[in-house]
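K.L.:
here are the coordinates; sequence isn't available:
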């Protein structure tokens, strides 16, 4: 029994420790001390930089150059919605942290509608969500468009204490359910979703655009709050 408990403790330690202590890079040529999720620079004028990218300024092409060409670009749409243009990385080394990365491209609804008209194909993802593949001309043009947000899902589970250790005390907490809490850092343009049952999500936007993140949380239906 003691051996089993010790083994479980070692496994948990192996999962958690990499986020506390710098280790070797996961890929050759990757600096384990750079591009880390908590290395955010705010310019004091409403802008910020993370992973060498500036939300609201850097383009999708800049993302390719910084994080690699393995990005999958498509329109992701729920039923009865126009959708959003997104770029997806299944796994990216951010310093010594491995993560899934999603970038949202700043495109008007009218432009997305036009892209959907020219789209090559569409397929269902989870449930009724659709992934719509762009026409090659639109795919090339997308590289010139700025990114609105960067979303990061680390491969390790984080708790609130770990997040505060790395990012500091949040400016605000918004509890949306008994399982999920948003830790808001408006000066950094960062929203961290702590999920007791799933992976944590870190969303980066330009600080001057932070209301686009905060206001929908405040307007969420009352039934989403814990009872």
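P.N.:
Yep, it's here. Everything quoted here is computed from the prediction, not taken from an experiment.
K.L.:
now name the helix or strand holding residue 103.
P.N.:
Under the assignment given by DSSP states H and E, the secondary-structure element containing residue 103 is strand 97-105.
K.L.:
what mean pLDDT would you report for that strand?
P.N.:
pLDDT averaged over strand 97-105 equals 96, rounded to a whole number.
K.L.:
partners of that strand, with directions?
P.N.:
Each strand pairing with strand 97-105, determined using DSSP bridges, is listed with its direction: strand 84-94 (antiparallel), strand 147-154 (antiparallel).
K.L.:
out of those, deepest packed?
P.N.:
strand 147-154 (a mean of 20; mean count of other CB atoms under 10 Å). Where C-beta positions appear, they are placed from N, C-alpha and C, glycine not excepted.
K.L.:
could you find the closest non-adjacent residue to the residue nearest the centre of the chain?
P.N.:
Nearest to the mean C-alpha position of the chain, by CA atoms, centre = their mean, lies residue 151 at 1.1 Å. The shortest distance from residue 151 to any non-neighbouring residue, by CB to CB, 6 or more residues apart in numbering, is to residue 102 (4.3 Å).
K.L.:
now residue 138
P.N.:
With CB to CB, 6+ apart as the criterion, residue 138 has its nearest non-adjacent residue at 4.8 Å, and that residue is residue 115.
K.L.:
name the next helix or strand downstream of the helix or strand containing that neighbour, please.
P.N.:
Element membership for residue 115, per DSSP H and E: helix 109-118. Following the chain from helix 109-118 toward its C-terminal end, the next helix or strand by DSSP H and E is strand 121-124.
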